[in-house]
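Student: no sequence on hand, only this structure:
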């Protein structure tokens, strides 16, 4: 990726297990958001952990039933 603060992150949908790539904005510090699966369109809760140094630490996905 060429945009500063945005990284491509490979994930698997917690519903259909389809692989796809998410774009994560790590310039916004740690955050939680909802994204739809690129394949089955189910809502996925995404928790992005960013260090104080601005580096991506962890990405956690959860289904609608397993809200974090």
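Tutor: Everything's here; your move. Bear in mind the structure is a predicted one, so any value in this text is a computation, not a measurement. Numbering: from 1, shown residues only.

Student: would you map the strands across the chain?
Tutor: Assigned by DSSP state E, the chain shows strands spanning 6-12, 19-25, 31-36, 43-50, 56-62.

Student: how far off centre is the shortest one?
Tutor: Remark: strand 31-36 is offset 7 Å from the chain centroid, using Cα atoms, centre = their mean, to the nearest Å.

Student: with the first one instead?
Tutor: Counting by Cα atoms, centre = their mean, strand 6-12 is centred 7 Å from the centre of its parent chain.

Student: excluding its backbone neighbours, what's nearest residue 13?
Tutor: Using Cβ to Cβ, 6 or more residues apart in numbering and skipping residues adjacent in sequence, the residue nearest residue 13 is residue 37, 4.3 Å away. C-beta here means a position set from N, CA and C on the backbone, and glycine is covered the same way.

Student: shouldn't that neighbour be in contact with residue 20?
Tutor: Yes: with contact defined as Cβ atoms under 8 Å, residue 37 and residue 20 form a contacting pair (7.2 Å).

Student: between the two, what contacts are shared?
Tutor: residue 13 (Cβ atoms under 8 Å, 6 or more residues apart in numbering).

Student: okay, those two: which has more neighbours?
Tutor: residue 37 (20 against 13; other Cβ atoms under 10 Å).

Student: wait, residue 58 touches residue 49, no?
Tutor: Yes: counting by Cβ under 8 Å, residue 58 sits close enough to residue 49 to count as a contact (4.2 Å).

Student: ok, these two, which is more surrounded?
Tutor: Comparing residue 58 with residue 49 by neighbour count (other Cβ under 10 Å), the higher total belongs to residue 49, at 15 against 10.

Student: contact partners for the more buried one?
Tutor: 30, 56-60.

Student: dump those into a markdown table; add pLDDT and distance to residue 16 as well.
Tutor: Shown next, in a markdown table, are these (pLDDT from 0 to 100; distance: Cβ to Cβ, whole Å):
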| residue | pLDDT | distance to residue 16 |
| --- | --- | --- |
| 30 | 95 | 27 |
| 56 | 93 | 25 |
| 57 | 95 | 27 |
| 58 | 94 | 23 |
| 59 | 95 | 18 |
| 60 | 94 | 18 |
